[in-house]
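Enquirer: Provided below are the primary sequence and the corresponding predicted coordinates.
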Number of protein chains: 2
Amino acid sequence: MVTNATIETLLNRRSIRKFKDEAIDADTIATLETVAQHAASSQFLNDWSAIRITDPAIKAKVAEFGTQPYIATAPLLYLFIIDEHRNARIAERKGIDPSSDDFNLKTSYRFAQAQNDAVLALHAMETAAFSLGLGCVILGSPLNNINGLIELLNLPEYTYPVLGLAIGKPDQEPALKPRMPRDMQFFENTYPADADDTLATLAGFDAEVHRYYDLRQADRPVDAFSDQIATISRQDVSGKTLLDKAAAQGFQLDK
Amino acid sequence: MVTNATIETLLNRRSIRKFKDEAIDADTIATLETVAQHAASSQFLNDWSAIRITDPAIKAKVAEFGTQPYIATAPLLYLFIIDEHRNARIAERKGIDPSSDDFNLKTSYRFAQAQNDAVLALHAMETAAFSLGLGCVILGSPLNNINGLIELLNLPEYTYPVLGLAIGKPDQEPALKPRMPRDMQFFENTYPADADDTLATLAGFDAEVHRYYDLRQADRPVDAFSDQIATISRQDVSGKTLLDKAAAQGFQLDK
């Protein structure tokens, strides 16, 4: 393996869910936010924004939505959002009516690309934070209550929550989670016609994950990977359907 | 600003679209792919894969879909995909029928999270490549022909293309693209109630983008940002609608 400081940072990434009660200084915050802005953006639309949540009452509410108390203790907390609202206002100033049928920033394609752009920016910030010795965890759990988030953060038309990011000085040192064999995840030229070819090395990975204990649950082993997948594949996620909530925010994902 | 090698890499990121005709060695490829695998994954579902495209005929076809000839010249080319196919096969081995109504990896929530995971992995790879002095460009253009991509790469049920990534030794040195003022993209605690508050610094940014010349089009100035947004907001993207194509791949995005 080739290596350098950046690659070491990326290979040693792990989720940090316990933070020291120490604020992050303004200079570091400026750096992290500027780095996020330098990620790529599809067609230079810059169609994401992020809400920096500093109000303890709002943090507590986001933690409640996510049913993860540690979220409220994060010294630095962001919610990254799809943001075509700013672009709609800019287009309006150029005489375009966002409610018209030929305003296409509210379509499924733009929604997906804006989501990608938000994640690129978030990952740039996460990587920069880790490189500075900070700890982070990416948060999907606040999306348990998308309507609640939208109301809490006053998210306007043509915006939609994507992911949160909690950052702070780490107060835990969890073990690195195992990764699947590379040939289970990277394929050459085409997807293998025989899906079982992608699972030839699954048994070994199952055993490896079974041995892995997360610091979060040091008292019990994590399931084998296959068992986790089987369980999660039937988890009820019906409260998190996208189309109705995105439509309420003005998106037309059927287009 | 705080700095280190990783932050420098992230701040100096720019899209590279011209590559030297030199192959990337196997050790570097292994590093880049391993780094991608170390990105975070929602609920550890590992619900993405990547196709490493080495066959010149397939590269040429992807370049044709994207109408970007340079794609065919990329020494290293990936397409990152949402992959719940592998997980469906794993669940099947545990006695679960993926076609049943309580198999939830095909829902809109899982689709969105898998898309996020694919982008996190792609960005980790992009960052590692830049840190090694390689150049990259993230590719949305192959999605101009989603059905074509699905057929070309033999993408099975419960998979969906997200983004491509072209990597190689850079053979151009484009200028850094301007970024919008931070207060246009980062807000505190809530989205500003008066959207015009987010545009107070727009005029300056418009002027800055107007002055910016991309190496790709050194003979003509790029439009002001506002003009770009207005133009793109009415571009026809109707060929790229998500729902029908995702449904054909087995996803139920209305759930």
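Expert: Received the coordinates, thanks.
Enquirer: Just give me how far the least confident helix or strand in chain A by mean pLDDT sits from the chain centre.
Expert: Considering only helices and strands, the least confidently modelled element of chain A by mean pLDDT, DSSP states H and E is helix A:202-211, at a mean of 88. Distance of helix A:202-211 from the chain centroid (C-alpha atoms, centre = their mean, to the nearest Å) equals 26 Å.
Enquirer: which strands and helices sit next to it?
Expert: The contact analysis (3 or more C-beta pairs under 8 Å, 6 or more residues apart in numbering or on different chains; DSSP states H and E) places helix A:202-211 against helix A:225-232. Glycine gets a C-beta too; all of them are placed from N, C-alpha and C.
Enquirer: does any part of the helix it packs on sit near chain B?
Expert: Yes: judged by C-beta under 8 Å from any C-beta of the partner chain, helix A:225-232 comes into contact with chain B through A:Phe225, A:Ser226, A:Asp227, A:Gln228, A:Ile229, A:Ala230, A:Ile232.
Enquirer: Could you quantify the relative orientation of the least confident helix or strand of chain A and helix A:225-232 as an angle?
Expert: Using axes from the mean of the first three to the mean of the last three C-alpha atoms, to 10 degrees, the interaxial angle of helix A:202-211 with respect to helix A:225-232 works out to 80 degrees.
Enquirer: Which secondary structure state is assigned to the residue nearest in space to the middle of chain A?
Expert: Compute the mean C-alpha point of chain A, and by C-alpha atoms, centre = their mean the closest residue is A:Leu163, 3.8 Å away. Secondary structure, DSSP: H, G, I helix; E, B strand; the rest coil: A:Leu163 is strand.
Enquirer: Tell me where chain A has strands.
Expert: Ranges of strands within chain A are A:48-52, A:76-83, A:135-139, A:159-168, A:186-188, based on DSSP state E.
Enquirer: Redo these as CSV? Include mean pLDDT and distance to B:Glu8.
Expert: Formatted as CSV, the strands of chain A follow (pLDDT from 0 to 100; distance: least, C-beta to C-beta, whole Å):
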stretch, mean pLDDT, distance to B:Glu8
strand A:48-52, 98, 22
strand A:76-83, 98, 21
strand A:135-139, 98, 19
strand A:159-168, 98, 20
strand A:186-188, 97, 28
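Enquirer: on that earlier part again, from chain B, how far off is the residue nearest to the centre of chain A?
Expert: For A:Leu163, the distance to chain B (C-beta to the nearest C-beta, to the nearest Å) stands at 6 Å.
Enquirer: again with A:Lys255
Expert: In this structure, A:Lys255 lies at 6 Å from chain B, with C-beta to the nearest C-beta as the measure.
Enquirer: Can you give me the neighbour number for the residue nearest to A:Gly148 when sequence neighbours are not counted?
Expert: The shortest distance from A:Gly148 to any residue other than its chain neighbours is 5.4 Å, reached at A:Phe65 (C-beta to C-beta, 6 or more residues apart in numbering or on different chains). A:Phe65 is flanked by 21 other residues according to other C-beta atoms under 10 Å in any protein chain shown.
Enquirer: For A:Phe65, which residues are in contact?
Expert: Residues touching A:Phe65, when contacts are defined by C-beta atoms under 8 Å, 6 or more residues apart in numbering or on different chains, comprise A:Ser141, A:Pro142, A:Asn144, A:Asn145, A:Gly148, A:Leu149, A:Leu152.
Enquirer: If I look at it, what pLDDT would I see?
Expert: The per-residue pLDDT reported for A:Phe65 equals 97.
Enquirer: Equivalent analysis for the one 10 residues further on, please.
Expert: On pLDDT, A:Pro75 comes in at 98.
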